[in-house]
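> Just the structure for this:
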Amino acid sequence: MRNSLPKAASLALLAGALLIPAVPASAAPVAAKTAAVTAADPFSAFDVKVKAPKTARAGGKIRYTIVATNKGPHYANAWFIGGEFPKGVDLKKISYAASIKGTECFGEGRAFFCFLPKVLEVGDSAAVMFEAKLKKSAKGTQKATLGVVSYNLDTGMEDMSKEELDRLGVPEFGFQKTVKTKVVR
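All right, here's what the predicted structure looks like:
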């Protein structure tokens, strides 16, 4: 099954934050690849573009747009868009709009992720726009780390629990960008 609701629920538990140690596809050693190195490569690497305003007013809104393009080598069926929002953002006042219908989002702490219920073929893109309200007490430079988290799930792993996936060492990969917005008064 390429789209599975139990898979979405299982993966929602996995995507706690984009603070996952990122292992980009280009991180493989220069030496000849072995089976172990190939197994650690992502099934789906992503090119991520993030737009954010350079400045925003305290108490105002910040709009983040994330566009993710699957660079392959395989289709992506286990991936999330989102990330860690700045400290100055009111986490109860985050709204989103996605390019794919049926998108479900969830938050934990300063992390906010969306599961887009679509298999993303190589070369296809998806976008999510987040609008966050800054607290009136926000000051300085607000930093957000946003992008994509993808997982290497094999066929039949869609309904496994997070504990079982962790026990098996299912690889997860982060493809993120950091953007900064200066708070002005």
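> who are the neighbours in contact with the residue sitting nearest the centre point of the chain?
Closest to where the C-alpha atoms of the chain average out (Cα atoms, centre = their mean) is Val148, at 2.8 Å. Residues counted as contacts of Val148 (Cβ atoms under 8 Å, 6 or more residues apart in numbering) are 46, 48, 66, 68, 79-81, 174-176. All C-beta spots, glycine's among them, are computed from the backbone N, C-alpha and C.
> can you check Thr55 too?
Here Thr55 is in contact with 181-184 (Cβ under 8 Å, 6+ apart).
> Out of these, which is nearest to Ala97?
Thr181 (19.2 Å; Cβ to Cβ).
> what about that closest one, distance to Arg110?
15 Å (Cβ to Cβ, to the nearest Å).
> neighbour count winner among the two?
Higher neighbour count among Thr181 and Arg110: Thr181, with 23 against 16, using other Cβ atoms under 10 Å.
> re earlier: any idea which element the residue nearest to the centre of the chain lies in?
strand 141-151 (DSSP states H and E).
> Roughly how far does the residue nearest to the centre of the chain sit from Thr55?
Applying Cβ to Cβ to Val148 and Thr55 gives a distance of 26 Å.
> do the same with Phe173
Distance, Phe173 to Thr55, by Cβ to Cβ: 32 Å.
> buried stuff in the strand holding Val148?
142, 144-151 (16 or more other Cβ atoms under 10 Å).
> Pairing partners for it, with directions?
strand 79-84 (antiparallel), strand 172-184 (antiparallel) (DSSP bridges).
> Looking at those strands, which is nearest to Asp90?
So among the strands paired with strand 141-151, strand 172-184 is nearest, using Cβ to Cβ, at 13.3 Å.
> Just the CA trace of the closest one, in CSV.
Presented in CSV, the C-alpha positions along strand 172-184 are these (Å, rounded to 0.1, in the frame of the first residue of the first chain):
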residue,chain,number,x,y,z
GLU,A,172,15.6,8.8,9.2
PHE,A,173,17.0,11.8,7.4
GLY,A,174,16.6,15.5,7.8
PHE,A,175,16.8,18.0,5.0
GLN,A,176,16.5,21.5,6.5
LYS,A,177,17.3,25.2,6.2
THR,A,178,17.6,27.8,8.9
VAL,A,179,16.0,31.1,8.3
LYS,A,180,16.3,34.2,10.5
THR,A,181,13.8,37.1,11.0
LYS,A,182,14.7,40.2,12.9
VAL,A,183,12.1,41.6,15.2
VAL,A,184,11.5,45.3,14.8
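> List the buried residues for it?
172-177, 179, 181, 183.
> cool, and stretch 49-58?
So, applying 16+ other Cβ under 10 Å, buried residues of stretch 49-58: 50, 52, 56.
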